[in-house]
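Q: show me the folded form of this:
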Amino acid sequence: MKPITTATLLAAALASAACVTQPLAQKGGGAVDTTGWSCSARGMVMGRYGGGDDAYIQLIGDKQGGNYPVKPIQGSATVSGITGNGTPFTCTQR
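A: Here you go, the predicted structure:
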C-alpha cells in the first residue's frame with residue numbers, strides 16, 4: 001500500500017470541491033473556474049470569481065490566498081483587482 005502524501009490529499013480535495021479553479025500553469029498565472037470566468041495573475045496558483053465585488057486569488061507562496069475587491073473594466077466582460085502584496089489580476093467572463 002502506498003503512503004498518502006500531502007500532494008495526494010490536496011489533489012483529492014481540489015478534485016472534489018465545487019467551483020474550484022483548475023490551475024492551467026502556475027508560472028503562467030492562468031486558471032479557469034467552473035463559474036464561467038477565467039482569472040489570471042503572475043504567479044497565480046488558483047483564482048475564483050463568480051460575479052460580485054471580490055475575487056479569490058491565491059499566489060505561489062501564499063498558503064491560503066484571499067478575497068480581493070474587483071472593479072469592472074468599462075466596455076468589457078473583465079474585472080480587475082490587486083492582491084494584498086500588490087500583484088494585479090484580472091478575471092474575464094468566457
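
Q: straight-line length of stretch 71-85, end to end?
A: Stretch 71-85 stretches 18 Å from its first residue to its last (CA to CA, to the nearest Å).

Q: the longest strand in this structure is where?
A: As assigned by DSSP state E, the longest strand anywhere in the chain is strand 66-73.

Q: by contact count, what packs against it?
A: strand 54-59, strand 78-82, strand 88-93 (3 or more CB pairs under 8 Å, 6 or more residues apart in numbering; DSSP states H and E). Glycine gets a C-beta too; all of them are placed from N, C-alpha and C.

Q: now do the same for T35: its pLDDT.
A: Looking at T35, its pLDDT reads 70.

Q: should've said R94
A: 88.

Q: state the number of residues packed around P88.
A: Residue neighbour count, defined by other CB atoms under 10 Å, stands at 11 for P88.

Q: circling back to that earlier point, return the most buried member of the helices and strands packed on strand 66-73.
A: strand 54-59 (a mean of 22; mean count of other CB atoms under 10 Å).

Q: could I have the CA atoms of it written out in CSV?
A: In CSV, the C-alpha atoms belonging to strand 54-59 read as follows (Å, rounded to 0.1, in the frame of the first residue of the first chain):
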residue,chain,number,x,y,z
ASP,A,54,-14.5,40.4,-4.9
ALA,A,55,-12.4,37.5,-6.3
TYR,A,56,-10.5,34.8,-4.5
ILE,A,57,-6.8,34.7,-5.6
GLN,A,58,-4.0,32.5,-4.3
LEU,A,59,-0.4,33.2,-5.4
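
Q: against which helices or strands is that strand packed?
A: By 3+ CB pairs under 8 Å, 6+ apart, strand 54-59 packs against strand 37-41, strand 44-48, strand 66-73, strand 78-82, strand 88-93.

Q: okay if I get the ones you listed as TSV plus distance to A55?
A: Shown next, in TSV, are the helices and strands packed on strand 54-59 (distance: least, CB to CB, whole Å):
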stretch	distance to A55
strand 37-41	6
strand 44-48	6
strand 66-73	5
strand 78-82	6
strand 88-93	5
